[in-house]
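Chemist: Here is my input, please return the structure:
(chains A, B and C)
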Amino acid sequence: MTVPAIELKGISKAFGPVQANKDISISVAPGTIHGIIGENGAGKSTLMSILYGFYKADKGEIWINGKKTDIPDSQAAIAAGIGMVFQHFKLVENFTVLENIVLGAEDGGLLAPSLAKARKELKELEEEYELFVDPDKRIDEIGVGMQQRVEILKALYRKAEILILDEPTGVLTPAEADQLFRILDRLRAEGKTIILITHKLREIMEATDTVSVMRRGQMTATVKTAETNPEELAELMVGRKVLLRVDKVPAKPGKPILEIENLRVTDSSGVERVKGIDLTVRAGEIVGIAGVAGNGQSELLEVLGGMRPGSGTVRMNGVPLALSGPGSDGQARRAQGIAHVPEDRQREGLIMDFHAWENVAFGYHRDPAYQRGIFMDNAALRADTERKIEKFDVRPPNGWLAAKNFSGGNQQKIVVAREIERNPDLLLVGQPTRGVDIGAIEFIHKQIVALRDQGKAILLVSVELEEIFSLSDRIAVMFDGHIMGERLPHETDEKELGLLMAGVAGEAA
Amino acid sequence: MDSFLTLIQVLDSTVRLATPLLLACLAGLYSERAGIFDIGLEGKMLMAAFFSAAVAAVTGSVWLGLLAGIAASLVLSALHGLASITFRGNQLISGVAINFLAAGLTVLIAQDWFQQGGRTPSLFAGGRFEPITFPFSEALSGVPIIGPIYSELLSGHSILVYVAFLMVPATWWVLFRTRFGLRLRAVGENPAAVDTAGVSVVGLRYAAVAICGVLCGIAGAYLATGLQAGFVKDMTAGRGFIALAALIFAKWRPWHAMWACLLFGLLQAVALRFQNIDLGGVVIPVQAMDALPYILTVVILAGFVGKAIPPKAGGEPYVKER
Amino acid sequence: MDKMPKWADVILIPLISLILAAILSTLVILAIGENPVEAVNLMVTGALGSTYGWGYTLYYATNFMFTGLAVAVAFHARLFNIGGEGQAMLGGLGVAMVCLYVPWPHWSIALLAAMAAAMLFGAAWAAIPAYLQAKRGSHIVITTIMFNFIAAALLNYMLVNVMRPAGSQDPATARFPEAVHLPTLHEILAPIGINFSKAAPANISLIVALLACVVVWALIWRTRLGYEIRAYGHSETGAVYAGISPVRITIVAMLISGALAGLMAINNVMGEAERLVMNSTEGAGFIGIAVALMGRSHPFGVFLAAILFGFLYQGGAELALWTSIPRELIVVIQALVILFTGALDNMVRMPLEKLFLALRKEAN
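Modeler: Just a heads-up that it's a prediction; the model follows:
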């Protein structure tokens, strides 16, 4: 019996009244890849942050290579041979790759010798693990895949024997993800121990030796990957059978509601994000936009929702929309029958410090129904809120609660209720179920399908392929600001979409 | 020849007036490069000016005065650190509070100690920083052009003036050639990167704020014991804000900071010497000269002359996130 | 869940901050060898012990209500307007022009015109920083500081070179005509049988200030514009999503803020001095910061905090008169209030939140 590389014994951690981790124990053998899977908010990241010294556990012990180890800060974690690649990279953007790698691991007060030594060692590491990067490029000049390599190299430069990766594929194309997994294989072959945190079943099945499942802060099972299957893991994750497909009748697309021709979007730093796309959404259909995050989908939604300027032609019910200047803001869009469930409900869709009843008017606060003379008719607003809370089963059913005091699912229900109840001709939906619990996902999906069945047009953007498959009547794939192709869900599969998402064109758009 | 001498005199006065600006500007540079905005430069300078003058007056030693000024400025720096680093408060509000605290306390204590209506007694020899005369400056002063430049402009300033200008290359070297500088710049751009690399964000930021305190202390001491001979109420007269303006002007870079401070120093020197300037019938009132540094800063801030982009994490308290 | 009840946030935290500021001020008084109990006694009798004292307290409070509301409105849009001082100076310029250059038949019409001018000038002085923030991203804190200095230079120029009466050495305008004299509290209260001090400067502007509190409250919490200002203040991306223009809200909020700060001039210039002098604002623009912070940016809180600072100001003046404590003590207290209620808010808040959490756990 080998000594485990990492052993956690009875770890508990609470944030105020929220119990993020509850009596968690795991043991990871050296030279293996151990997966930790669970829904958003299950407590995976908290657990790993404890292991990396970011948080202090309320209870429990950490054992590294058979020795009880205290990890009060990141310094201690690094000293114990632990390296971490965070979901959001921790790199200084206007520093070079080399400076980022050296930062915090310098050899003396002067910079020049440290940099020279790091340059030499980096070369050796690169060759050993086949992790090539240009040390003199600045971080803001290289892509996310490369940035992730820098993070891995940072850990290896600090002599990490244990490497934790938190949702590492969220920003990668399927091809880049495959490349990452080859690197992980290589690291394992060299004897490193790897913990892979993800909410994607496919990655667990492909990459790991053993897997632990977390649900609501607790560890529900640890099994050998070879002895389990995705269905079993999914059930362990959510606690019951998951409805992977939404029940819906075939769509009956009608007349075109939204017609996009040669739409281009340039962001504030001058980078072209959407590079001339054409797309039509008809009444009574859901068009899903698939793609890896950051390929222009967000910008597409934001232009249509009036949140940023663009150029080209967009017609709504045959009428051209202003894409910049006066008449192109969110108010104008709403007046033209476009409702918008934004990608980020906490930063965009809701004002977290406003009461629920104030949020129910958000974006529609100039609606005459909410006015009385020069004042806002708060009584009417509150009555309206009560109706929506009941219809959409928002819990707790209390309109006076601030938005921040609802769970993610119930926050999203408030947004969806507000937008769908306007009875729009076109609904824009971005990441409708990100950070939403399973129960609310089902409910929200049903509402979207119901709106479609009333003959409304829906444009859905999601990075979850599963969601795209289960909701869409037609799928368009975006890569690097282009639409790579359109497919019907029953005529394609994840593999083909994955290729399109990676920019490998099936048919040039 | 007459106008050449006038020019030399104005430039000489420019160097003197630019010195407190430069020290305060570099002070702000350290702090803001580490991600801590500091609009309390004015207050720290004022506090240092008072304590340096007070201690120099009482002990007769300008050096003890300098130390006292630095110590007083450091106390306010610690307060700013406590509010903006430890308790993650609003850095701007903290700066405002520090300015008022200094404005009030200096007069309060001055009145209590010296009963001269909020000023210190005038400082005499020993209580002031004396000019340092360069070798041969007497002999060379007769040489045309070079003579006045050497003996009037370069020679004859107090030691703190030379310290201030030497701080410019020193700051550049620390910032771009040392481990500390790398970490300091990193913590102002992305503190999370520093934290996960196992370096204390809090420690770095306190270090930066402390350096800022020391430099503001020297700036204040120079005002009261070098430029003038004693403390009077509100003697900083907005110099902390002009330094802040110079920092923005310089886009947070040491060498540029020096040029910006010299420019603003020149404006002050011209306003001092000429009062209302008559330009062929059109009189530029002295108030316009007074307002010019502020107007220039607004113009720079408006981005009509190159955009000033502050350190990315500036002004934001660092909160660990998952 | 909220970490603690709302009353604790609104009442307990400002109260504790105030007590901390008071304790430190006491220490300062002790350190300069004075008796704090005696000092407080002097302040209370001086500021509240007579209608004369009240008259000054309310006069100062009137100033602070205007500047406090100005800072508060900007705070709601997450804008930190440090330029209240300069905006109030410009307001004074507007009032002086209206009072001096137009022959008014009656004070009431003159007051309305002066209010309009004060607001217009104050708003105009806030407009450039507002525009630069909204359109060019120039940090409004820095630009408004710069505009304070520019305002001082401008006022200096106007008083020395333009508006100074011939033959006068004093950098000030001529006295306003008798017709624009505003009724003081003495004149207002005498007809209903209340004998209020004749010498005190409190005047009808106090009522305008109270009305301004009510109007700002209605604006922020009851109108569409207030809704948009608050929404923008909480989340800029949210505002963009909802079709609320950040440019428009930034400019409008700053114009309102500048107008409120400028409005102060009807009190100090028209009501009290009855001419425009250098440094007529006496730092009231900055005290507005402390008042808004302490009042939690709510008009009612601003009202209470303004009264408190009015008391401190008048009490401080009395102290300076009868003891060797200079008026600058008030500046120290003001600094401490800003420090505790603004910058060190978390120092008070974090232990309290822990306390309430523990209490709640116990209750469960």
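Chemist: so B:Thr14 sits right up against B:Phe264, yeah?
Modeler: No: between B:Thr14 and B:Phe264 there is no contact under C-beta atoms under 8 Å: 9.3 Å. The way it works is simple: take the backbone N, C-alpha and C, and place the C-beta from them, glycine included.
Chemist: The two: which has the busier surroundings?
Modeler: B:Phe264 (27 against 22; other C-beta atoms under 10 Å in any protein chain shown).
Chemist: residues from the stretch 251-364 of chain C in reach of chain B?
Modeler: Contact residues (C-beta under 8 Å from any C-beta of the partner chain) of the stretch 251-364 of chain C with chain B: C:286, C:289, C:293, C:324-326, C:328-336, C:338-339, C:342-347, C:350.
Chemist: ChimeraX command to pick out the buried ones of those residues?
Modeler: Paste this into ChimeraX to select the buried members of those, with burial taken from 16 or more other C-beta atoms under 10 Å in any protein chain shown:
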select /C:286,289,293,325,326,328,329,330,331,332,333,334,335,336,338,339,342,343,344,345,346,347
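Chemist: Chain A next: which of the residues of the stretch 251-364 of chain C next to chain B are close?
Modeler: Okay, of those, nothing touches chain A (C-beta under 8 Å from any C-beta).
Chemist: Among the residues of the stretch 251-364 of chain C next to chain B, which ones are in helices?
Modeler: Under the assignment DSSP state H, these contribute C:286, C:289, C:293, C:328-336, C:338, C:345-347, C:350 to helices.
Chemist: Around chain C, pick out the residues from the stretch 201-350 of chain A.
Modeler: Counting by C-beta under 8 Å from any C-beta, the stretch 201-350 of chain A sits next to chain C at A:305-308, A:329-334, A:340, A:342, A:344, A:347-350.
Chemist: Tell me the buried residues within those.
Modeler: Among those, the ones that count as buried by 16+ other C-beta under 10 Å are A:305-308, A:329-331, A:333-334, A:340, A:342, A:344, A:348-350.
Chemist: ok, now which ones touch the residue of chain B found nearest chain A?
Modeler: As assessed by C-beta to the nearest C-beta, chain A sits closest to B:Ala197 within chain B, at 2.8 Å. Neighbouring residues of B:Ala197 by C-beta atoms under 8 Å, 6 or more residues apart in numbering or on different chains: A:Ser74, A:Ile78, A:Lys90, A:Leu103, A:Gly104, A:Ala105, A:Lys154.
Chemist: of these, closest to A:Leu321?
Modeler: Using C-beta to C-beta, A:Lys90 is the member of the contacts of B:Ala197 that sits closest to A:Leu321, with 40.1 Å.
Chemist: Spit out the contact partners of that closest one.
Modeler: A:Glu151, B:Asn190, B:Ala192, B:Ala193, B:Asp195, B:Thr196, B:Ala197 are the contacts of A:Lys90 under C-beta under 8 Å, 6+ apart.
Chemist: Name the helix or strand for the residue lying closest to the third one once chain neighbours are set aside, please.
Modeler: Nearest residue to B:Ala192, sequence neighbours excluded (C-beta to C-beta, 6 or more residues apart in numbering or on different chains): A:Lys90, at 4.7 Å. For A:Lys90, there is no host helix or strand (DSSP states H and E).
Chemist: now swap in A:Leu499 and tell me
Modeler: helix A:494-501.
Chemist: B:Val15 looks like it's in a strand, true?
Modeler: No: assessed with DSSP: H, G, I helix; E, B strand; the rest coil, B:Val15 is helix; it does not lie in a strand.
Chemist: related to what we said a few turns ago, from the contacts of B:Ala197, which land in helices?
Modeler: Judged by DSSP H, helices contain the following of the contacts of B:Ala197: A:Ser74, A:Ile78, A:Lys154.
Chemist: among those, who's most crowded?
Modeler: Greatest neighbour count in the ones in helices among the contacts of B:Ala197, by other C-beta under 10 Å, goes to A:Lys154: 26 neighbours.
Chemist: That residue contacts A:Gly83, doesn't it?
Modeler: Yes: counting by C-beta under 8 Å, A:Lys154 touches A:Gly83, with 7.2 Å between them.
Chemist: ok, now how distant is the residue nearest to B:Ala192 from A:Phe54?
Modeler: Using C-beta to C-beta, to the nearest Å, A:Lys90 is found at 11 Å from A:Phe54.
Chemist: list the residues that contact both of those two?
Modeler: Common neighbours of A:Lys90 and A:Phe54 (C-beta under 8 Å, 6+ apart) are B:Thr196.
Chemist: And the helix ranked longest in chain C, what does it pack against?
Modeler: With secondary structure taken from DSSP H, chain C has its longest helix at helix C:107-136. Applying 3 or more C-beta pairs under 8 Å, 6 or more residues apart in numbering or on different chains; DSSP states H and E, one finds that helix C:107-136 contacts helix B:286-301, helix C:84-101, helix C:140-157, helix C:246-263, helix C:265.
Chemist: ok, now which ones touch C:Asn161?
Modeler: Applying C-beta under 8 Å, 6+ apart, the residues contacting C:Asn161 are B:Pro285.
Chemist: That one should be in a helix, yeah?
Modeler: Yes: counting by three-state DSSP, C:Asn161 is part of a helix.
Chemist: Extract the residue ranges of the chain that are flagged as low pLDDT.
Modeler: Reading this off chain A. Filtered on pLDDT under 70, chain A yields the residue ranges A:1, A:16-17, A:40, A:238-245, A:505-509.
Chemist: could you do chain C instead?
Modeler: C:1-3, C:364.
Chemist: Skipping adjacent residues, who's closest to the residue in it that chain A sits nearest to in space?
Modeler: Closest approach between chain C and chain A, counting by C-beta to the nearest C-beta: C:Gly243, at 2.8 Å. Computed as C-beta to C-beta, 6+ apart, the closest residue to C:Gly243 that is not its neighbour in sequence is A:Gly330, at 2.8 Å.
Chemist: ditto for C:Asn35
Modeler: Closest residue to C:Asn35 apart from its sequence neighbours, by C-beta to C-beta, 6+ apart: C:Ile29 at 7.7 Å.
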